[in-house]
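A.B. asks: Here is my input, please return the structure:
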Amino acid sequence: MIYLALSEHIFEKVKEILEKHNLKYEKIEDGEQLLELAKKDPPDLIILEKDIPLLDGFSVTLILKSNIKTEEIPILVVCKADYKEEIIKAKDCGSDNIIKYPFKEEELLQKIKELLERS
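C.D. replies: As a prediction, this is how the structure comes out:
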């Protein structure tokens, strides 16, 4: 199962790719819900972006990577802008990989595959 905490536009693009390749996902509405669900039922992968409601994606990543129960969950951060600071912050909070939006389907699938194989 892949948890998706993404803005609507990016969610639709990712959803289309995951469905095309028969990958199961669940849409998560906000950072707090993502934390709660990840602790109760850890997913195989989390794909999120910085700008999610209630608790931003970087904070969620930092909290998950700091918890022994959730530290092994692979996290792929979607960066909407090519800002060096955003990419550095994503790495510093513990994300396992980063993808810049817009991305190509093959690029996203490759990163998903790599992260799922590691977990």
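A.B. asks: Figure out the helix or strand that Leu34 lives in.
C.D. replies: Secondary structure assigned from DSSP states H and E places Leu34 in helix 31-40.
A.B. asks: mind checking pLDDT for the closest residue to Lys24 other than its chain neighbours?
C.D. replies: Sequence neighbours aside, Met1 is the residue nearest to Lys24 in space, at 5.2 Å (criterion: CB to CB, 6 or more residues apart in numbering). The way it works is simple: take the backbone N, C-alpha and C, and place the C-beta from them, glycine included. What the model reports as pLDDT for Met1 is 97.
A.B. asks: Let me know whether Met1 touches Glu26 as I believe.
C.D. replies: Yes - Met1 is in contact with Glu26 according to CB atoms under 8 Å; the separation is 6.2 Å.
A.B. asks: Need the overlap of contacts for those two.
C.D. replies: Common contacts of Met1 and Glu26, defined by CB atoms under 8 Å, 6 or more residues apart in numbering, comprise Pro43.
A.B. asks: Helix or strand for Asn67, just tell me which one.
C.D. replies: In the assignment (DSSP H and E), Asn67 maps to no helix and no strand.
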